[in-house]
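J.: what's the 3D shape of this:
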Amino acid sequence: MSPAPSSQGHTPFPDLPAPVSAGHWECWEPLGGDAGRRPPPGRGPLGGRQLPPAGGGTPRPPPAPAGASGVAWAAAAAAAAVAGEEPRTGSPPPGEVPGCRPPQPLRPGLLAPRGLVVGSSANRIAHHTSEFASPRLVVRRGQPFDLRVLLPRPFDPDGDSLCVELTLGPNPQVAKGTHVLIPLGETSATGWTAEEEELEEGADPPGGPALNICLTAPPNAPIGRYRLSIKTRTGVGEYAAPFDDANDFFLLFNPWCPDDNVYMEKTSDLNEYVLNETGRIFYGTEDQIAERSWNYGQFDAGVLEACLYILDRRGMPHSARGDPIIVSRVVSAMVNSLDDNGVLVGNWTGDYAQGTNPSAWAGSVDILRAYHGSGAPVRYGQCWVFAGVMTTVLRCLGLPTRTVTNYNSAHDTDVSLTTDIYFDENMRPLERLNTDSVWNFHVWNDCWMKRPDLPDGYDGWQIVDATPQETSSGLFCCGPCSVTAVKNGEVYLKYDTPFVFAEVNSDKVYWQRQPNGSFAVVHVEEGAIGRRISTLGPGSGARLDITHQYKHPEGSEEERHAVSTATSHGSRPRNRGTPSSGEVTVTVGAGPAVAGAELELRAVARNEGAEPRTLRLRLSLCAVRYTGVSGAPFRQEQHRRAVPPGQEETVTMTVTYAEYGPHVGDQDALKLTAAGVVEETGQVVAKELRVRLHAPELTLTLLAPAVVGQETPIQVVFQNPLPETLSGATLRMEGAGISCPKPFQMGSVGAGQTVRLRQAVLPLRPGRRRLVAALESPQLGPLHGVLQLDVAPAPAGSAGSAGSPPRRPRRARRRAPPP
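T.: Residues are numbered from 1 along each chain as shown. I've put the predicted structure just below:
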């Protein structure tokens, strides 16, 4: 192993490893940390044997002209060689040579490229990467892209040879596929190809002599940032051009390539799950589904670099980065901060004083930029934030990904496939025993890929979940887990299938304490878990119910077989007891649920029998966090109602804001539990209802045409629906291809007050854009809004072009409400 550089100066060059054959080109593994070092006598810039000059002798690096940079030195040396002059003497200035290889001396007859052209717009369009804001070329594997080598003279295929050299990562190795030499007209050992593109006969290449090369990465190549250089060989010897940062390019997964394991056939799916920069994330409850827009922004400046930094931070080997299975699993571990100081710190306490309320985020871009900039985990996230960032990272890297919401999602640590709810003798909930958690909703991701590590039939959507719930192989990560395996109960297939199966397959089992202190099953609610599984439909902008992809119909033969398969491979059998039956049924419901307004809840008892029945019913109301953690009941009522045959009786509970307001926090809901006993038969009835309080949306209005590089005024309007003052309200905005102002602290907003804010945003890319806004305050749940902008290109010759560095627009101005 090479010794580490000394802090007191350069470590002497170590002995070099033996050469590894790469076609007819000799190469050695590049050594990390050797930028600007002088090779030992007889060795080339990468340790290769340096060809002696004509007449023999040991070659010596020539000195640089005074004040010349490394690049200028190389160019001057190349020009001298072309002109037939003696090569310049000396060495390039220290620290000025880009890459890990200093320029080598030039002699007459060597073919030294004048430069490379790698960033054509045609490449970006063909590879569906034109939206990336990176100044470097971004291409996808398994698909050719063009580069142009500028030469001092025309290329002679009979006497000249050329080789494209690529390196990936800090310690590239030929054996690992991270140091690649691709002779022109041949296929490298790793599957890369380089072919000359013929110009039309008589056509003169612009800019002087050049060689157009079509370069293709194999469909399983590792993704990442590649360094690129050119080696040439003539009858005089070999020339290796220095690496230059300007020639680096990014290689991504390619879902448009049939030979790539992430290939997706439908154009509409690709447009949604790879190219769409703004989506919707569903939340709320099964009966009151809500949605919020989310800025994924996978093409924005700095995001691609941040996504690759996540892999680097985990220490993922560059040679393994061609496998989407491993990449998605690493990302699921790194998006949360546990174990490895990843992107986001999870916080479900309700105290966000040391960071940002998870409900305040409008997208992923600010989070990823903050993490990449500081290296410190960002505070704070909850499940939809973890999932939103996952979607950004995976789409950015080229994996088709969708954000998925599961309603009534079980956190079943013992994989019993039941959620147990306990009551005392009077049917009052025993919250200290109710440790099984049923989340109102939980958000995770599906990414699309083949699964060659599994038997046939499990390709397609794979579940990955970055929310830290349980460990997998000692780390807080989850997946990829085949959706097909979950549907069929094949919990023995990797990864983490038992845990995901339990999230969507469970029964609610109600237990009552008996006089002797034991508990008995008194009611079973089948199929209560894993409801209305939702994602955004391709191109429609509407919710798509995908429950059928995760589960067979409840009670069907296929569903029974799936549960049987799961329980036969480690999951505990369901303790279903006796399913609910009897003459009396109870349903629960609610009137309009608006934050700040009075709320009416109801329980309806119906007698399906031929005899009159008497029902003793207890209603209990408490706040419940979206994670299923319940607070103490703050309102309880008992009722005794006679229910005639074939008729129904309704019991109502009216709750004021003064009663529920102090108990309901961010993302909380109200949980009504109705439980009772039929006096004549002893039949037990029980039902739960979770009610989400609606808040008004933000209204965003465009006040002037949107043009790239020009500040664009936006008006944001919202009304405080509460009968109390809001304090500490904060507005955040994000938009793909839009620079937005910093979060705006609004101060106090009076009860019922309408506020109008004037914001200025700066469009950076033309086309159809979406601006997402989120407002949060301690007293009110999150408010959201979205605005679509059609951004015009910058006028010709203007300073505000898409390539200009983004700047923050001016701060918002608050307007007083109208009288």
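J.: number of nearby residues for Glu598?
T.: 14 (other C-beta atoms under 10 Å). Bear in mind the C-beta positions are built from the backbone N, C-alpha and C, glycine included.
J.: Thr587 touches Ala603, doesn't it?
T.: Yes: contact status for Thr587 versus Ala603: in contact at 7.4 Å, counting by C-beta atoms under 8 Å.
J.: for Phe423, see how far away Glu431 is.
T.: Distance, Glu431 to Phe423, using C-beta to C-beta, to the nearest Å: 10 Å.
J.: so which of these two has more stuff around it?
T.: More neighbours surround Phe423 than the other of Glu431 and Phe423, with 24 against 16 (other C-beta under 10 Å).
J.: now do the contacts for the more buried one.
T.: 429-430, 510-513, 522, 675, 686 (C-beta atoms under 8 Å, 6 or more residues apart in numbering).
J.: ChimeraX command to pick out the buried ones of these?
T.: Selecting the buried subset of these in ChimeraX, with 16 or more other C-beta atoms under 10 Å as the burial test, is done by:
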select :429,510,511,512,513,522,675,686
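J.: relative to Pro258, which of the contacts of Phe423 is nearest.
T.: Taking C-beta to C-beta as the measure, Pro258 sits nearest to Tyr510 out of the contacts of Phe423, at 52.0 Å.
J.: distance of Ser134 from Ala290?
T.: On the measure of C-beta to C-beta, Ser134 and Ala290 end up 35 Å apart.
J.: between those two, point out the one with more neighbours.
T.: Taking neighbours as other C-beta under 10 Å, Ser134 and Ala290 compare with Ser134 leading, 19 against 16.
J.: surely that one forms part of a strand?
T.: No: Ser134 is assigned coil when assessed by DSSP: H, G, I helix; E, B strand; the rest coil, not a strand.
J.: run through the residues that contact it.
T.: 250, 301, 304-305.
J.: next one: Thr650
T.: Applying C-beta under 8 Å, 6+ apart, we find Thr650 in contact with 602-605.
J.: how does it look with 6 Å?
T.: 602, 604 (C-beta atoms under 6 Å, 6 or more residues apart in numbering).
J.: cool, and the one 5 residues further on?
T.: Under the criterion of C-beta under 6 Å, 6+ apart, the contact partners of Val655 comprise Leu599.
J.: phi, psi for it please.
T.: With angles defined as degrees, to the nearest 10, Val655 sits at phi -120, psi 130.
J.: where do the helices of the stretch 51-200 of the chain begin and end?
T.: For the stretch 51-200 of the chain, applying DSSP state H, counting those that start in this stretch gives helices covering 70-82, 121-126.
J.: just the chain next, same as before
T.: Taking DSSP state H, the helices of the chain run over residues 70-82, 121-126, 267-270, 303-314, 324-334, 365-374, 383-397, 483-488, 497-504, 547-550, 557-567, 657-660.
J.: so for Ala773, which of these sits nearest?
T.: Across the helices of the chain, Ala773 has its closest neighbour in helix 365-374 (13.0 Å, C-beta to C-beta).
J.: what residues of that closest one count as buried?
T.: By neighbour count with 16+ other C-beta under 10 Å, helix 365-374 contains the buried residues 365-372.
J.: would you pull up how far that helix lies from the middle of the chain?
T.: How far helix 365-374 lies from its chain's middle: 13 Å, per C-alpha atoms, centre = their mean, to the nearest Å.
J.: ranking the helices of the chain by burial, who's on top?
T.: Across the helices of the chain, averaging neighbours per residue (mean count of other C-beta atoms under 10 Å) puts helix 383-397 on top, at a mean of 28.
J.: list of residues touching it?
T.: With C-beta under 6 Å, 6+ apart, helix 383-397 has contacts from 252-253, 274, 281, 294, 296, 298, 303-304, 307, 331, 335, 358, 361, 364, 367, 401, 403, 442-445, 447, 466-467.
J.: which ones among those residues map onto strands?
T.: 252, 281, 294, 401, 403, 442-445, 447 (DSSP state E).
J.: need the max-distance pair from these.
T.: The widest separation within those (C-beta to C-beta) is 29.1 Å, between Leu252 and His442.
J.: weakest of the helices of the stretch 51-200 of the chain by average pLDDT?
T.: Ranked by mean pLDDT, these end with helix 70-82 in last place, scoring a mean of 36.
J.: where exactly do the strands run in the stretch 451-600 of the chain?
T.: Ranges of strands in the stretch 451-600 of the chain, per DSSP state E, counting those that start in this stretch, are 460-464, 481-482, 507-513, 519-525, 531-536, 543-545, 584-590, 599-607.
J.: which one of these lies closest to Glu697?
T.: Glu697 sits nearest to strand 543-545 of all these, at 16.3 Å, using C-beta to C-beta.
J.: residues in contact with that closest one?
T.: With C-beta under 6 Å, 6+ apart, strand 543-545 has contacts from 534-535, 537.
J.: and if you look at stretch 709-716?
T.: Stretch 709-716 is contacted from outside by 698, 700-701, 703-704, 706, 757-762, 794, 800, 809, using C-beta under 6 Å, 6+ apart.
J.: what is the neighbour count of Phe634?
T.: Phe634 sits with 15 neighbouring residues when counted by other C-beta under 10 Å.
J.: may I see the ones in strands among the contacts of helix 383-397 organised as CSV, with pLDDT added?
T.: Listed next are these as CSV, based on pLDDT from 0 to 100:
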residue, pLDDT
Leu252, 99
Ile281, 98
Trp294, 98
Thr401, 99
Thr403, 99
His442, 96
Val443, 98
Trp444, 98
Asn445, 98
Cys447, 98
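J.: gap between Tyr371 and Ile326?
T.: Taking C-beta to C-beta, one finds Tyr371 at 21 Å from Ile326.
J.: which residues does Gly737 contact?
T.: Remark: with contacts taken as C-beta under 6 Å, 6+ apart, Gly737 is in contact with 764-765, 769.
J.: I misspoke; the intended subject was Tyr510.
T.: Counted by C-beta under 6 Å, 6+ apart, Tyr510 has contacts 421, 522-523, 686.
J.: ok, Leu689 next?
T.: Per C-beta under 6 Å, 6+ apart, neighbours of Leu689: 588, 672.
J.: His372 now?
T.: Applying C-beta under 6 Å, 6+ apart, one finds that His372 lies in contact with 306, 309.
J.: how close does it get to Gln104?
T.: According to C-beta to C-beta, His372 stands 35 Å off from Gln104.
J.: go on, Tyr495?
T.: The spacing between Tyr495 and Gln104, counted by C-beta to C-beta, is 48 Å.
J.: neighbour-wise, which of these two wins?
T.: Neighbours were counted for Tyr495 and for Gln104 using other C-beta under 10 Å; Gln104 has more, 27 against 23.
J.: just to revisit the earlier point, of the contacts of Ser134, which pair is most distant in space?
T.: Maximum pairwise distance in those, criterion C-beta to C-beta, is 13.2 Å, between Phe250 and Ala301.
J.: of these two, which one has the most company?
T.: Legend: neighbour count by other C-beta under 10 Å for Phe250 and Ala301, higher for Phe250 (22 against 19).
J.: and for the residue nearest to the more buried one when sequence neighbours are not counted, the neighbour number?
T.: In this structure, Phe250 finds its nearest non-sequential neighbour in Val138, 4.5 Å apart by C-beta to C-beta, 6 or more residues apart in numbering. Residues within reach of Val138, counting by other C-beta under 10 Å, total 25.
J.: how about stretch 632-643: buried residues?
T.: 633, 635, 639, 641, 643.
J.: run the chain-centre distance for that stretch.
T.: 46 Å.
J.: and if you look at stretch 683-690?
T.: Going by C-alpha atoms, centre = their mean, where stretch 683-690 is centred and where its chain is centred differ by 39 Å.
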